[in-house]
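Visitor: coordinates only, sequence not included:
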């Protein structure tokens, strides 16, 4: 158990809909990272938050947004969903340095999103 | 060409064999991560390297910054090592760039 929790575990929705994925980091970790893993693209970095502020951005679509709240949990919002958004979404938390390169990352179990 | 290349893509070994997985990258980095993804989907961070060599149990990771290359070695492999091993580099843009992974299967 990494100490990182993600909800829900599974989500099935329709095209055009909007969903919110939630992540709670390990106690004491200030960084939250979001990743997408699809069959054809592999793992892709979406976005990193550190202590409530956006720190780094990867291949995140404009239809997607994220935020980190004062209690350090994070939410990833996916809107106008398309079939191609079906994937595993992982979050990971890291320590106090604020940089993905400097932190060991602890991964949550993932949320499997299916868009029909 | 991908910025992070792993080889081999697939690897089958007999229990007890010494295994090497390679990762080459073409961008400037400040750190490199090795991750393990279990058949059930869970991901575990194995190593984070910026230079030299690290060892944890039967796993050894090395990095050569000048040659832009890293290797992950598994000594005395065991069927429970069967997983996908993923190399990821932390680039200058502050993002992580992933390799496509090496699927390892260790037969008893």
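Guide: Great, that's in hand. Just so it is clear, the model here is predicted, and its values are computed rather than measured.
Visitor: Which parts of the chain are strands?
Guide: With no chain named, the answer covers chain A. A:5-7, A:10-13, A:19-24, A:31-38, A:42-50, A:53-57, A:64-68, A:74-78, A:87-94, A:106-107, A:111-115 (DSSP state E).
Visitor: my question was about chain B
Guide: Counting by DSSP E, the strands of chain B are B:4-7, B:10-14, B:19-25, B:29-37, B:43-49, B:52-56, B:59-64, B:69-74, B:83-91, B:96-98, B:102-107.
Visitor: Flag every residue of chain A that's near chain B.
Guide: A:2, A:33, A:42-45, A:48, A:55-58, A:88, A:90, A:92, A:99-107, A:109-110 (CB under 8 Å from any CB of the partner chain). Every C-beta, even on glycine, is put in place using the N, C-alpha and C of the backbone.
Visitor: Contacts for the worst-scoring helix or strand of chain B on mean pLDDT, please.
Guide: Across the helices and strands of chain B, mean confidence by mean pLDDT, DSSP states H and E is lowest for strand B:96-98: a mean of 88. If you take CB atoms under 8 Å, 6 or more residues apart in numbering or on different chains as the criterion, strand B:96-98 is touched by A:33, A:42-45, A:58, A:100, B:3-4, B:25, B:27, B:33, B:86-91.
Visitor: Generate a PyMOL selection restricted to the buried entries among those.
Guide: Here is the PyMOL selection string for the buried members of the contacts of strand B:96-98, based on 16 or more other CB atoms under 10 Å in any protein chain shown:
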select buried, (chain A and resi 33+42+43+44+45+58+100) or (chain B and resi 4+25+33+86+87+88+89+90+91)
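Visitor: got any ranges where the chain has weak pLDDT?
Guide: All of this is about chain A. Along chain A, the parts satisfying pLDDT under 70 run over A:96-102.
Visitor: that's the wrong chain, I meant chain B
Guide: For chain B, the ranges with pLDDT under 70 are B:1.
Visitor: Next to chain A, which bits of it? Give me the list.
Guide: When proximity is defined by CB under 8 Å from any CB, chain B lies next to chain A at B:29-31, B:33, B:35, B:41-45, B:48, B:50, B:86, B:88, B:90, B:93-101.
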